[in-house]
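Starting from these lines, generate the structure:
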Amino acid sequence: MNPEKILVSACLAGIPCRYDGTARTVPLLEELYRNGLAVPVCPETAGGLPVPRKPSEIRDGRVYHNDGTDVTDAFIRGSAECMRICTENRCMKAVLKAKSPACGKGIIYSGDFSGTLCEGNGIFAQMLADNGIEVMTEEEACLR
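Here you go, the predicted structure:
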């Protein structure tokens, strides 16, 4: 029987796809990816946003760049594509980047670009949860 693959935020697997063009590599997740046991996804780039890109936060249920551009549609489109990848790979668990407007779980930035945190989920994290996928951040998984 094949081992279960987990879905991971691509930046945690060492892929430089964050808004600032960097990765936030977690060595264990990078190793799982290299060994074919983790499936890396980035909802933001899957939705057509470039690397690098302006920082984004969720406000009133919409996602905005720090210049006020509404990028909600790109986040939704990319999240749907990553959900397809999750389903295709039969992933039942995901480790996602904490506080991200796409991948954050439980706590995200408040939407005013002040560095303030608030309760909430990123667009993709919420989509996964709504579809019965177990979601945790790298912080919850004690992988930092």
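
just the helices in this structure please.
Along the chain, counting by DSSP state H, helices occupy 27-34, 43-46, 72-88, 123-130.

export these to JSON lines and tack on distance to Asp112, mean pLDDT and mean neighbour count?
For the C-beta atoms, the positions are set from N, CA and C on the backbone; glycine is no exception. Output for those, formatted as JSON lines (distance: least, Cβ to Cβ, whole Å; pLDDT from 0 to 100; neighbours: other Cβ atoms under 10 Å):
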{"stretch": "helix 27-34", "distance to Asp112": "31", "mean pLDDT": "96", "mean neighbour count": "17"}
{"stretch": "helix 43-46", "distance to Asp112": "20", "mean pLDDT": "98", "mean neighbour count": "27"}
{"stretch": "helix 72-88", "distance to Asp112": "17", "mean pLDDT": "98", "mean neighbour count": "18"}
{"stretch": "helix 123-130", "distance to Asp112": "18", "mean pLDDT": "98", "mean neighbour count": "22"}
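
Can you say which of those is nearest to Lys97?
The closest of the helices of the chain to Lys97 is helix 123-130. By Cβ to Cβ, the value is 9.3 Å.

how about the helices of the chain, which one is nearest Ala13?
Each of the helices of the chain was scored for nearness to Ala13 using Cβ to Cβ, and the closest is helix 27-34 (4.0 Å).
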